[in-house]
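A.B. asks: This is a predicted model, with the sequence first.
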Amino acid sequence: MPLTQRGRKLTATTRAREGCSLLRVISFDIDGTLEVGDPPGTIPITVVRRALALGFVAGSCSDRPISFQQALWAEHGIAVHFTVLKQHLTTVRERFAADHYLHIGDSPIDRMMAEGAGFDFVHVLEDDLLNALETLNLHG
Ligand SMILES: [Mg+2]
């Protein structure tokens, strides 16, 4: 299935299921960002589960090989929408037509890649992460 079609289908089904007007894409760095990373970050894995349950398109964007990222999600029984290498965040934007794109990470590289790919960026330590998550209804 062509990627654009796939993105449209997801948009429609997600909106139908959640009855919401916005489709949001959220991308998580792993190491230093998620609690399951190495080093562990501040974001509990439950935030990812909650994002998926709320109809977000969610996945990981990390320096870790794709196989590692996939194994990590499988280990936690989480079916994410994407796993990409950090320099390929732009492909996520191309693949999913959405109203809002956000990447959360812990390094200047994360910020650079996010901005380059047209994603908003939240730094887990330097920005107000709690507020960002609460705004998206992803905390609590
Ligand atoms: Mg990191």
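C.D. replies: On my side now, so go ahead.

A.B. asks: Let me see the contact set for the closest residue to Ser62 other than its chain neighbours.
C.D. replies: Using Cβ to Cβ, 6 or more residues apart in numbering and skipping residues adjacent in sequence, the residue nearest Ser62 is Ile30, 4.2 Å away. Backbone N, C-alpha and C define where each C-beta goes, glycine included. Applying Cβ atoms under 8 Å, 6 or more residues apart in numbering to Ile30 gives the contacts Val36, Gly37, Gly41, Ser60, Ser62, Arg64, Gln69, Leu72.

A.B. asks: Got the phi and psi for Ile30?
C.D. replies: The phi and psi values for Ile30, taken as degrees, to the nearest 10, are phi -100, psi -70.

A.B. asks: How about the secondary structure of whichever residue of the chain sits closest to the ion?
C.D. replies: Nearest residue of the chain to the ion: Gly32, at 3.8 Å (Cβ to the ion). Three-state call for Gly32 (DSSP: H, G, I helix; E, B strand; the rest coil): coil.

A.B. asks: I'd guessed it sits against Pro39; true?
C.D. replies: Yes: using Cβ atoms under 8 Å, Gly32 is in contact with Pro39, at 5.6 Å.

A.B. asks: The two: which has the busier surroundings?
C.D. replies: Gly32 (18 against 8; other Cβ atoms under 10 Å).
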